[in-house]
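Asker: A predicted structure for the sequence below; I have some questions about it.
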Amino acid sequence: MRPLRFVALGDSLTEGVGDPVGDGWRGWAALLADGIAPADAPVEFVNFAVSGSQTRDVLERQTPAALAVRPDVASVVIGVNDTLRCTFDIHAVAERLDKVYAAFTGQGAMLLTACLPDPGAMLGLPGALARPLARRQRAVNAVVHALSERYGAVHLHAAEGAWVTDRAMWSADRLHPGERGHRQFAAHFHGLLAREGIATGATPSLEPEFPVPTRSASLWWLATAGTGWMARRCTDLLPQLLSLAASEVRHGARGTGGRLDLSASHAVASALAALSATEQPDVA
């Protein structure tokens, strides 16, 4: 029997950050891989996700390597890092995702996608700083929704719900799920795949296998890796974010904040319309 081949593409969420096992990360995709097929059936799982990746990295680096595997199932969960860069462009995000989705479905793979919570809310940023990031994440989610429907993807709505506000689901940095969150993510995807007749193995357990990191361990992570991550994001995003926040304040004072949301909606519609008007090349 040929093994079922499952590849995972994305950033730190799919790499497994927040779910440490041994000297590395495990994460939701690896947990899902264990439950796609019965225990006696072979599954080949390759995780191509790399922390910090954006849609450009998925298109240019991860997708060619993953296509070479000739996967039966391919997960593409990406976009948050794009919103955290001063180069954010929803047109470019839509174009890249369209090419990636087309490449995998063109090979006959079942595509898995997800929309995600906005990072500003997860970090607990003040309103004027959080709203621009929320607007960007909603734009990415709208594109992912539309393209998931276009390509018949199995789509997980993970941008909202009790798990987003349940602190027990998240790691110390408040941006990545902890083991409980990764298990929740895997179990939800398993349920969607089971309804499609693809996942026939056991549902990933929701109960943690390892103890929750101690407060001291969490604080140490924040003081080392977490601080470095924040410093890199601040260098790249902070000047633009402050400008966006100033615009939020001005529009709020004038009562014209709705114009910012309307402009973002128009940008999403324009990006999707541009894809519909252009025949996509075969990148497989």
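Answerer: Received the coordinates, thanks. Fair warning: this is a prediction, and the values are worked out from it, not measured in the lab.

Asker: quick one: Gly152 is in a strand?
Answerer: No. Counting by DSSP: H, G, I helix; E, B strand; the rest coil, Gly152 is not found in a strand; it is coil.

Asker: ok, it - how many residues close by?
Answerer: Other residues near Gly152 come to 11 when the count uses other Cβ atoms under 10 Å. The C-beta positions use only the backbone N, C-alpha and C, and glycine is treated the same way.

Asker: How much space separates it from Thr113?
Answerer: Using Cβ to Cβ, to the nearest Å, one gets 11 Å for the distance from Gly152 to Thr113.

Asker: Over to Leu123?
Answerer: According to Cβ to Cβ, Leu123 and Thr113 sit 24 Å apart.

Asker: Between those two, which is the more surrounded one?
Answerer: Thr113 (23 against 15).

Asker: isn't there a helix covering that one?
Answerer: No. If the criterion is three-state DSSP, then Thr113 is strand and not within a helix.

Asker: Show me what it is bridged to.
Answerer: Beta-bridge partners recorded for Thr113 (DSSP bridges): His155.

Asker: Contact partners for it?
Answerer: 75-77, 101, 144, 147-148, 153-156 (Cβ atoms under 8 Å, 6 or more residues apart in numbering).

Asker: pLDDT score assigned to it?
Answerer: Each residue has a pLDDT score; the one for Thr113 is 98.

Asker: Repeat that for the one 5 residues further on.
Answerer: Each residue has a pLDDT score; the one for Asp118 is 87.

Asker: Can we start the residue count at 183 from this point?
Answerer: Sounds good: first residue 183 from here, last item Asp300.

Asker: who's in contact with it?
Answerer: 265, 312, 315-316, 318-320, 341.

Asker: Ignoring the adjacent residues along the chain, who's closest to it?
Answerer: Closest residue in space to Asp300, ignoring its immediate chain neighbours: Gln319 at 3.6 Å, by Cβ to Cβ, 6 or more residues apart in numbering.

Asker: Could you do Gly198 as well?
Answerer: Leaving out its chain neighbours, the residue that sits closest to Gly198 by Cβ to Cβ, 6+ apart is Gly209, at 2.4 Å.

Asker: how many neighbours does the one you found have?
Answerer: Gly209: 30 neighbours (other Cβ under 10 Å).

Asker: where does the stretch 283-432 of the chain have low pLDDT?
Answerer: Scanning the stretch 283-432 of the chain for pLDDT under 70 picks out 395-397, 399-421, 423-424, 427, 431.

Asker: now with 80?
Answerer: Residues of the stretch 283-432 of the chain meeting the criterion pLDDT under 80: 302-312, 354-357, 392-432.

Asker: quick one, strands of this structure?
Answerer: 186-192, 202-203, 206-207, 225-229, 255-259, 292-297, 336-339 (DSSP state E).

Asker: Please compute how far the first one lies from its chain's middle.
Answerer: For strand 186-192, the distance between its averaged C-alpha position and the chain's averaged C-alpha position is 14 Å (Cα atoms, centre = their mean, to the nearest Å).

Asker: Just list the residues touching Val346, thanks.
Answerer: Contact analysis of Val346 by Cβ under 8 Å, 6+ apart lists 299, 303-304, 340.

Asker: how much space between the residue of the chain most remote from its centre and Leu442?
Answerer: In the chain, counting by Cα atoms, centre = their mean, Arg436 sits farthest out from the average C-alpha position, at 34.7 Å. Between Arg436 and Leu442 the distance is 11 Å, computed by Cβ to Cβ.

Asker: and if you look at Leu375?
Answerer: For Leu375, the distance to Leu442 equals 38 Å [Cβ to Cβ].

Asker: So for those two, which residue has more residues nearby?
Answerer: For Leu375 versus Leu442, neighbours defined as other Cβ under 10 Å are more numerous around Leu375 (20 against 17).

Asker: so the residue nearest to Asp300 makes contact with Leu298?
Answerer: Yes. Assessed by Cβ atoms under 8 Å, Gln319 is found in contact with Leu298 at 6.9 Å.

Asker: anything in contact with each of these two?
Answerer: With contacts taken as Cβ under 8 Å, 6+ apart, the residues that reach both Gln319 and Leu298 are 261-262, 341.

Asker: quick one: which of those is most hemmed in?
Answerer: The most crowded member of the shared contacts of Gln319 and Leu298, judged by other Cβ under 10 Å, is Gly261 (27 neighbours).
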